[in-house]
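Asker: Generate coordinates for the sequence data below:
(3 chains)
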Amino acid sequence: MPEVITRHSPGTLRFRASELGYGIFVVVAGLLALVFMVGPVAVGLLMSFTDGQTLQFPPQGWSLKWYAELFDPIASQPIHTAAKNSVQIALWTVAGAVVLAVPASYGIARLGGKAAASIEPLLLAPLVMPSLIYGLSALIAANLVGVSPSRWLVIGGHIAIFGPLMYRATLAVVQQIDPALEQASAMLGAGRFATFRRVTLPLLVPGVLAGSFLVFMQSLDNVSITLFLADPRTTVLPLRMFQMIEESLDVRVAAISGVLIGLSLIVLLAVQYLSPFLKPSR
Amino acid sequence: MNHFNSNRRQFNLALAALAGSALLPGTARAASSVVAAVFPGSWEDAYRRTLVPMLAKSGVELIIAPMLAQDQLAKAIAAGGKPAYDALLLSPGQTAEAVDRGLIEKIDTSKLANWNKLDDKLKSPWGPTVTVEVNGIAYNPELVPRPKGYKDLFTNPAYDGKVAWLGFGSNSATMAWVEIARLYGGGEDNMQPVFDLLRKHLPKIGAIANSGNAQMALFQQREIGVFMASTNNVSRLKTMGVPCEFVHPESGSPAVPVNIHLTKGAANPAAVYAYMDAAISAAAQNQLKMPPVEQIPTNRDVAFTPSLEAFVTREQMAKFIYQDWVKINKNRAAWTAEFDRIVKK
Amino acid sequence: MNALAAPSLRNLPYFGPMLTASVLFFLAPLVVLAVYSFSSPEGASLANYARFANDEFSVSVLIDTIRLGGSVVLGTTLLGLPIALLYWHAGPRIRQWLIFLILLPMLVSNVVRTFAWIVILGRQGLISSTLLYTGLSSTPTNLMYTEFGLILALCQIELPLLLLPIIAVLSRANRSLVDAARMLGAGSWRVLLTVLVPVMLPGLLAGWILVFASACTSYVTQAVIGGARLIYLPQFIYREVGVLFSWPYAAAVAFVLLVSTGVVMLSISALSRHRRLVGHA
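Answerer: Next comes the predicted model:
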């Protein structure tokens, strides 16, 4: 039997000799692309471990002192405040995007082509809206209806602009789900909503996770929307970081990225450690 | 009108505080408070450290809103009749625009106890100058010889491929271009000499960057050896061991006064005056002249530190060049467009 | 009731809330923007749009912007497909590591990424020194502030936008399809083209939309990695707003950007609704 590619115990790839060309292509091209993708990240990360006073490559000696400085509650207090604001806003934005965009992607995918095409521009346009322009027009619009800048306005703005990322990421998964599955569920007597909750939603999880990550990072990186829609005392992390480089090539900026990478690594290891317990059968 | 505005604002803020109190940090305000826009980063930190406690003693709550000058202005314009800030912190390019659009008010100088401690050049009717940033040329002595002035950078081949420039989007670059125009027979209303020079010199330019941020990285990685910088910038790089020196161009150093302005429709003008007065007081400036900010003091009672004097002395201050930003702003759109057309690849 | 209205009503509870939020938080500001873009000293007019259309330079900037988006879509696709295949053939543990690696470019802040690209692309940078060292070039190569350098940087930054939707789709894909094709005697390349690519397609199209949108509008990356000599519409707009304060013109240019990039995205999105192209796996 021409079993070309066999999946083995976790962590291996195997190709049959007859398909060597294909195997080599996948492995070589894939690894090269990975190196390209990760290389600049490695450069940035290495710089954060410098023993020197400023961000530079190659780093001068190695030390963790900039991480210590970053976690110092007094020296880095303004960074902590800004980070707390940015993370809070990003988390609310993700929550809002999940609640609004995930059902929307399902609903629109099950619409007829014409109806979907008429709604879609509204959900895709935010992706190409320059955020400075959006921030200012939203501020003007809010003023016209008598709404003052506030944290909630910021979150609403972020959901409007970054929610479509979630919509598009989950839509891709919805489009791949066979409607026959849902029809089967309906034939077994489940209501529409019960079908969505029990059958469709669990299938959407990978899309929702991908979307959540994109929404979270974009929201965390945004300056203009927050700046214009927040009440004046709100400081945000990316603006602070931009200024830290411009003023003094502050290494803590790289350390912040290092911390984000470290957190993701912890999540990954936790998933790897826990997944045997979470997925009993398959 | 003022009364109505302030009432409505307090009502809105109270609402926001109410909505936010459950999960977000509160936004309640003291009876006498000022929302002051301040440049983010070290400025913001220095003002928090120095002015906030100082004003708190006299019963004024100073709320620092970190924002770049251009964003302050944009937000003020968008906010229409409901100003987001009571006080702005701007340099002359933006001040001229703010005056033009009627966003700020002339101040009543009799309300500032420290007003007469300022030099005449630093007494703008639109608000006191709290510090002056001095621009010049920063260079890496390990890569290039010491330049004498702007002309050197175009005539001496030692600088070919080593100098970074910015376009007219940047205030400090615009000032350098105006000085260069003057050297070649132009000025605030004639940029043609610069454009001619650029066309000819373009292949020999090291980099035309788009932000001060990128310039710093280029300089640190030795991609370039010269950029237009302020004394503060260079002093900070030097303290951190980056090979970097500052040159006052022989034609004179363009200076940027940084002013606090009273917003039209500010909720509490008295508190804004208290803030202005504190910012130009000897007590505050004696702190603000120290590292890491090292702001050049404008109050005559404040002595320069040796570290400041390594870059600027009080005598040199008299010779600084203050450019005409009303004229510059009038031409800026045309200059920007022309610059783009020349440099675009 | 016609055929179009019935599914709309039935699905309203699902997309209604998102639609309401979009109308409140996106359409309302958009209307403000539209009003601004039609305002001129002589009252409501198309003057701002005419100014843009009649200026050869601005139009060339628009074309460059769309072309940049297209190049980045092409680049990320060429780089992303091999990674997606690697993911498809990998076991669960390697898959998790791959996901982690794919997240990396987005975890590094803009300012650090810029610095890293200067380290890589500059005259004194890694590419240049490698070329010198290996003798492939005798003079330093400067890729910084070139269109090629910018495309490279954007491809790296935006690979996650392409790969995450593809991976979301692949991780739910049904392996039995591939097995069936193999049983019918199809070779690996054939399985790739006839089974895998169609399975990936909804994810790929979603990725194209996200990458295109982001590449066309990522002001910071375009500005700091592209430098001042490469001009794209977002920079143009930011300067009109923040430096020159000519808001009506900026609003008109923003609309031009929205519409022209929007048309491209809508066409890609329409493809993803195409029955024959995107079959149900």
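Asker: CA only for contacts and neighbour counts going forward, please
Answerer: Fine.
Asker: Which residue, other than its chain neighbours, is closest to A:Ile159?
Answerer: A:Thr93 (5.4 Å; C-alpha to C-alpha, 6 or more residues apart in numbering or on different chains).
Asker: I'd say that neighbour and A:Phe216 touch.
Answerer: Yes - contact criterion C-alpha atoms under 8 Å: A:Thr93 and A:Phe216 qualify, at 7.3 Å.
Asker: one step back: what's the local residue count around the residue nearest to A:Ile159?
Answerer: 27 (other C-alpha atoms under 10 Å in any protein chain shown).
Asker: ok so it is a helix residue?
Answerer: Yes - A:Thr93: assigned to a helix according to DSSP: H, G, I helix; E, B strand; the rest coil.
Asker: Could I get the contacting residues of it?
Answerer: For A:Thr93, the contact set (C-alpha atoms under 8 Å, 6 or more residues apart in numbering or on different chains) comprises A:155-156, A:158-159, A:162-163, A:215-216, A:219.
Asker: For it, give its distance to chain B.
Answerer: 14 Å (C-alpha to the nearest C-alpha, to the nearest Å).
Asker: thinking again about what came up before, which members of the contacts of A:Thr93 are classed as buried?
Answerer: Buried by 16 or more other C-alpha atoms under 10 Å in any protein chain shown: A:155-156, A:158-159, A:162-163, A:215-216, A:219, out of these.
Asker: what's the neighbour count on the nearest residue to C:Ile157 once chain neighbours are set aside?
Answerer: Once flanking residues are discounted, C:Ile157 sits nearest to C:Pro105: 5.5 Å by C-alpha to C-alpha, 6+ apart. Using other C-alpha under 10 Å, C:Pro105 has 23 neighbouring residues.
Asker: Who are the contact partners of C:Pro105?
Answerer: Applying C-alpha under 8 Å, 6+ apart, the residues near C:Pro105 are A:37-38, A:40-41, C:156-160.
Asker: And those, which two are furthest apart?
Answerer: A:Pro40 and C:Pro160 (14.0 Å; C-alpha to C-alpha).
Asker: So what's the residue count around the residue in the stretch 51-200 of chain B that chain A sits nearest to?
Answerer: As assessed by C-alpha to the nearest C-alpha, chain A sits closest to B:Ala65 within the stretch 51-200 of chain B, at 4.7 Å. B:Ala65: 24 surrounding residues under other C-alpha under 10 Å.
Asker: same deal with C:Glu240?
Answerer: Neighbour tally, C:Glu240, other C-alpha under 10 Å: 21.
Asker: give me the element it is part of.
Answerer: helix C:233-242 (DSSP states H and E).
Asker: What mean pLDDT does the next helix or strand after that helix get?
Answerer: As assigned by DSSP H and E, the chain's next helix or strand after helix C:233-242 is helix C:247-272. In this model, helix C:247-272 carries a mean pLDDT of 92.
Asker: Equivalent analysis for stretch B:258-268, please.
Answerer: On average, stretch B:258-268 scores 94.
Asker: near chain A, anything from it?
Answerer: No - judged by C-alpha under 8 Å from any C-alpha of the partner chain, stretch B:258-268 stays clear of chain A, getting no closer than 13.9 Å.
Asker: For that stretch, buried residues please.
Answerer: B:258-268.
Asker: can you check stretch C:157-165 too?
Answerer: For stretch C:157-165, by 16+ other C-alpha under 10 Å, it's C:157-165.
Asker: Just the mean pLDDT for it, thanks.
Answerer: 95.
Asker: if we can go back for a sec, can you list the contacts of C:Pro105 in TSV and add secondary structure?
Answerer: Output for these, formatted as TSV (three-state DSSP):
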residue	secondary structure
A:Met37	helix
A:Val38	helix
A:Pro40	helix
A:Val41	helix
C:Gln156	helix
C:Ile157	helix
C:Glu158	helix
C:Leu159	helix
C:Pro160	helix
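Asker: Using CSV, please lay out these together with distance to A:Val27.
Answerer: Shown next, in CSV, are the contacts of C:Pro105 (distance: C-alpha to C-alpha, whole Å):
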residue, distance to A:Val27
A:Met37, 15
A:Val38, 16
A:Pro40, 21
A:Val41, 21
C:Gln156, 19
C:Ile157, 22
C:Glu158, 22
C:Leu159, 18
C:Pro160, 19
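Asker: what about the strands in the stretch 201-345 of chain B?
Answerer: B:207-208, B:226-230, B:245-247, B:255-263 (DSSP state E, counting those that start in this stretch).
Asker: Compare the ones you listed and give me the one nearest chain C.
Answerer: Shortest distance between chain C and the strands of the stretch 201-345 of chain B, using C-alpha to the nearest C-alpha, is found for strand B:207-208: 5.4 Å.
Asker: still on that earlier bit, can you name every helix or strand that the helix holding C:Glu240 contacts?
Answerer: With contacts taken as 3 or more C-alpha pairs under 8 Å, 6 or more residues apart in numbering or on different chains; DSSP states H and E, helix C:233-242 sits against helix B:69-79, helix C:56-89, helix C:197-217, helix C:219-226, helix C:247-272.
Asker: if you set the cut-off to 6 Å instead, what comes out?
Answerer: The contact analysis (3 or more C-alpha pairs under 6 Å, 6 or more residues apart in numbering or on different chains; DSSP states H and E) places helix C:233-242 against helix C:247-272.
Asker: Please point out which parts of the helix it packs on sit buried.
Answerer: So helix C:247-272, judged by 16+ other C-alpha under 10 Å, has buried residues C:247-258, C:261-262, C:264-266, C:269, C:271-272.
Asker: what's the spacing between the closest residue to B:Val302 other than its chain neighbours and B:Leu288?
Answerer: Sequence neighbours aside, B:Ala282 is the residue nearest to B:Val302 in space, at 5.8 Å (criterion: C-alpha to C-alpha, 6+ apart). B:Ala282 sits 10 Å away from B:Leu288, going by C-alpha to C-alpha, to the nearest Å.
Asker: Just give the number of residues close to A:Gln53.
Answerer: Neighbours around A:Gln53, by other C-alpha under 10 Å: 18.
Asker: try B:Pro145
Answerer: 13.
Asker: show me where pLDDT drops low in chain A?
Answerer: Scanning chain A for pLDDT under 70 picks out the ranges A:1-18, A:112, A:275-282.
Asker: Point out the residues in the stretch 151-282 of chain A that sit beside chain B.
Answerer: A:232-233, A:240, A:243, A:246 (C-alpha under 6 Å from any C-alpha of the partner chain).
Asker: before we move on, the earlier item: the residue nearest to C:Ile157 should be in a strand, yeah?
Answerer: No - read with three-state DSSP, C:Pro105 is helix and lies in no strand.
Asker: Need the buried residues of stretch B:258-268 in TSV (columns: distance to chain C).
Answerer: Output for the buried residues of stretch B:258-268, formatted as TSV (distance: C-alpha to the nearest C-alpha, whole Å):
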residue	distance to chain C
B:Val258	17
B:Asn259	18
B:Ile260	19
B:His261	19
B:Leu262	21
B:Thr263	18
B:Lys264	19
B:Gly265	21
B:Ala266	22
B:Ala267	26
B:Asn268	28
